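A.B. asks: My questions are about this predicted structure, shown below with the sequence.
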Amino acid sequence: MEIKELSSDLIDDYLEFFDNIAFSDHKDWSWCYCAFYHFDDDDIKKLREAGNENLRSEAVDLIKEKNIQGYLAYEGNKVVGWCNCGKKTNYKRLRTFKELWEGEDEKIKSVVCFIVAPDMRKKGVATQLLERICSDAKSEGYSYIEAYPIKGGKNCFDLFHGPDKMYEKEGFSFYKEFEYGTIVRKYVTISHDTIRT
């Protein structure tokens, strides 16, 4: 499996994954294009009032602006998985939850979503994505990586933030508990003072 960091050059691969694979067995989420956490409720309301029934074009713009960041997992030439992760300050929706927002600076890398193709689930795709995230964070200037596993998830859609056991195996530690989930963190070695933009 090959893991590639998202860039404007990979937008077509990203769209192919979300158009036809990511939510092929969960159509209720097919409008998202993994842009949801980059908007708050008011933004979503305005987009829908304007007739934007999905976030496809918004996702393209956010990728070009480097606001949607993350990694695509490939098997051959086919995308089989995705993780949305980047500067915590890129995620407007996180600001709306007092449990998740503590006046953050830009040295926190947030992991917000994993999506794996139906035929590739339970094969370690998310784990390989997380390993790459952790490896790269060491050279990107982050103080730590943060994630938000949900309590009591019963399927991959409940666990779109990633299962807590995966984070535990990758060296994350418990930071904070709230009603529906937890915050876990992994501290990384800092090699320079600025985050790549």
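C.D. replies: Now that the structure is in, tell me what you want to look at.
A.B. asks: residues contacting residue 150?
C.D. replies: 158-159, 161, 180-181 (Cβ atoms under 8 Å, 6 or more residues apart in numbering). (Each C-beta comes from the backbone N, C-alpha and C, glycine too.)
A.B. asks: burial count for residue 86?
C.D. replies: Other residues within reach of residue 86, judged by other Cβ atoms under 10 Å, total 24.
A.B. asks: Now it. Nearest residue, chain neighbours left out?
C.D. replies: Spatially, and ignoring its direct neighbours in sequence, residue 86 is nearest to residue 69 (3.4 Å; Cβ to Cβ, 6 or more residues apart in numbering).
A.B. asks: In space, what's closest to residue 96 - neighbours in sequence excluded?
C.D. replies: Closest residue to residue 96 in three dimensions, ignoring its sequence neighbours and counting by Cβ to Cβ, 6+ apart: residue 40, at 5.3 Å.
A.B. asks: ok, now residue 5?
C.D. replies: In space, residue 5 comes closest to residue 71 once its chain neighbours are excluded; the distance is 5.7 Å by Cβ to Cβ, 6+ apart.
A.B. asks: Does the one you found touch residue 86 like I think?
C.D. replies: No: using Cβ atoms under 8 Å, residue 71 and residue 86 do not qualify as a contacting pair, with a distance of 10.3 Å.
A.B. asks: Helix, strand, or coil at residue 186?
C.D. replies: When the structure is split into helix, strand and coil by DSSP: H, G, I helix; E, B strand; the rest coil, residue 186 lands in strand.
A.B. asks: next one: the lowest-mean-pLDDT helix or strand in the chain to chain centre, how far?
C.D. replies: When the helices and strands of the chain are scored by mean pLDDT, DSSP states H and E, helix 41-49 comes last with a mean of 89. Centroid separation for helix 41-49 versus its chain: 21 Å, with Cα atoms, centre = their mean, to the nearest Å.
A.B. asks: Restrict it to CA atoms and write it as CSV.
C.D. replies: The C-alpha atoms that make up helix 41-49 are tabulated as CSV, following Å, rounded to 0.1, in the frame of the first residue of the first chain:
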residue,chain,number,x,y,z
ASP,A,41,-23.6,25.0,11.3
ASP,A,42,-24.2,28.5,10.0
ASP,A,43,-21.9,27.9,7.1
ILE,A,44,-23.7,24.6,6.2
LYS,A,45,-27.1,26.3,6.4
LYS,A,46,-26.0,29.0,4.0
LEU,A,47,-24.5,26.5,1.6
ARG,A,48,-27.7,24.5,1.5
GLU,A,49,-29.8,27.6,1.1
